[in-house]
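S.K.: What would the 3D arrangement of this be:
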Amino acid sequence: MEYSPAALRRWPDLEGPDLPAADAADRLILDESADARRDAGDGTVVVIGDGYGAIALGAASEGARGIRVHQDALTGERALAANAERFGLAGAVTSHRLSADLVAGARVVLLRLPRSLDALRDLAGLIAAHADDDVTVYAGGRIKHMTPTMNDVLREHFARVDVSHARQKSRVLIARGPHDGREPEPRTDTHDGLVVCAFGGAFAGTSIDIGTRLLREHLPELGAPAGSVIDLACGTGVVATTLALRHPELHVIACDQSATAVASARATAEANGVGDRVEVVRDDMLRSQGDATASFIALNPPFHVGAAVSEGVAPSMFADAGRVLQPGGELWTVWNSALQYRPALERLVGPTRQIARNAKFTVTASTRR
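M.R.: Numbering: from 1, shown residues only. Below is the predicted model:
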């Protein structure tokens with residue numbers, strides 16, 4: 001099948017008419033970088049932040065090979081692999097974690113701009129530290145999500161930053177002359193004795209969002225659980241670390257599909273002295289967990305897919321939690337009260353009772369039938 005951005009799939013992520021797999025910013029990044037990619041050798045093109053493969057596979061369809069790719073979301077990584085297979089381009093791209101190996105010797109970096117300035121700072125520092133001295137970074141996004149401060153962040157690690165013409169409400173920042181490279185390090189803050197660590201782009205950063213705060217305040221005493229204890233969509237690992245601190249005998253599984261969240265949760269657990277009892281896993285929901293193996297799951301579900309708000313994410317998580325819970329096991333969920341998740345929890349998990357409620361959020365406990 002010949003490559004076409006219109007034929008890209010988002011699977012296994014949510015799909016729908018208002019959830020495209022490629023957009024104008026992806027196309028502009030490819031167009032602005034076309035000459036540089038033609039001059040670059042195999043193995044010297046790196047793609048970071050590609051949603052579902054539009055940038056990496058676009059470059060591959062134009063002849064680039066040995067393309068190294070990093071995507072924060074595991075669903076994006078799986079979508080890239082599936083799309084590459086469909087278009088016969090699987091041999092042209094490989095997925096990598098965010099590390100020196102990803103960008104070592106890179107001459108062209110195609111970057112989808114993250115929303116977080118701290119995330120951009122982490123990426124720019126890593127590229128400047130390990131890419132080729134002649135590297136050119138093409139960092140693009142939708143204008144509505146871009147700010148002048150992004151130029152300033154890039155200038156912290158690159159001598160020159162140019163700006164492309166706008167096209168279809170998109171723009172590309174072009175950075176050259178790397179300097180003062182550095183490895184990403186987590187930021188830290190302390191809340192009531194709990195050290196929270198966050199790499200750039202982690203949800204809520206080093207703060208504790210109000211939903212997680214309410215859930216944390218009402219977590220139950222677990223005793224000696226008969227099955228696994230899981231913090232699903234763990235973010236920076238606040239709930240998992242809290243459970244491990246309160247129950248010194250407990251082993252907790254913390255999972256999230258975000259590579260940034262996983263690194264942050266690991267750092268949070270280590271900073272609080274429970275790294276040996278908090279197992280942090282990058283997972284698409286609970287795919288790596290067996291049926292009926294957990295006795296307790298805590299969840300603060302996301303309500304968006306990328307930049308799009310969607311209520312379809314949480315029900316999929318409820319259903320997977322229902323699969324993994326043992327009969328009698330409980331899913332404790334915090335959710336924005338306006339979303340009215342209780343009927344879905346009743347249907348997908350089991351009888352659901354309210355534990356706590358404030359002006360905005362509700363905490364419920366759902367018992368697996």
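S.K.: what about Gly193, neighbour count?
M.R.: 7 (other Cβ atoms under 10 Å). In this view, the C-beta of every residue, glycine as well, is placed from N, C-alpha and C.
S.K.: mind checking pLDDT for it?
M.R.: Looking at Gly193, its pLDDT reads 96.
S.K.: residues contacting it?
M.R.: Shown in contact with Gly193 (Cβ atoms under 8 Å, 6 or more residues apart in numbering): no residues.
S.K.: What of the one 5 residues further on?
M.R.: Residues in contact with Ala198, defined by Cβ under 8 Å, 6+ apart, are Pro186, Arg187, Thr188, Ala204, Gly205, Thr206, Thr236, Ser264, Ala267.
S.K.: For it, give its distance to Ile208.
M.R.: Using Cβ to Cβ, to the nearest Å, Ala198 is found at 11 Å from Ile208.
S.K.: Helices of the stretch 201-350 of the chain, residue ranges please.
M.R.: 210-217, 238-246, 259-271, 313-324, 342-348 (DSSP state H, counting those that start in this stretch).
S.K.: low-confidence ranges in the stretch 201-350 of the chain?
M.R.: Applying pLDDT under 70 to the stretch 201-350 of the chain flags the ranges 304-311.
S.K.: So which bits of the longest strand anywhere in the chain are buried?
M.R.: In the chain, taking DSSP state E as the definition, the longest strand is strand 325-336. Neighbour counts over strand 325-336 (16 or more other Cβ atoms under 10 Å) mark Leu325, Gln326, Gly329, Glu330, Leu331, Trp332, Thr333, Val334, Trp335 as buried.
S.K.: Need the max-distance pair from the residues you listed.
M.R.: Gln326 and Trp335 (22.8 Å; Cβ to Cβ).
S.K.: And this structure, split by domain according to the record?
M.R.: 5-178, 187-367 (automatic domain parsing).
S.K.: burial of Lys360, as a residue count?
M.R.: Under the neighbour criterion other Cβ under 10 Å, Lys360 is assigned a count of 12.
S.K.: Do I have it right that it meets Leu339?
M.R.: No. Using Cβ atoms under 8 Å as the test, Lys360 is too far from Leu339 to be in contact (10.7 Å).
S.K.: picking up where we left off before, redo the buried residues of strand 325-336 as JSON lines? Include distance to Asp283.
M.R.: As requested, those are exported to JSON lines (distance: Cβ to Cβ, whole Å):
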{"residue": "Leu325", "distance to Asp283": "16"}
{"residue": "Gln326", "distance to Asp283": "19"}
{"residue": "Gly329", "distance to Asp283": "18"}
{"residue": "Glu330", "distance to Asp283": "20"}
{"residue": "Leu331", "distance to Asp283": "16"}
{"residue": "Trp332", "distance to Asp283": "19"}
{"residue": "Thr333", "distance to Asp283": "18"}
{"residue": "Val334", "distance to Asp283": "20"}
{"residue": "Trp335", "distance to Asp283": "21"}
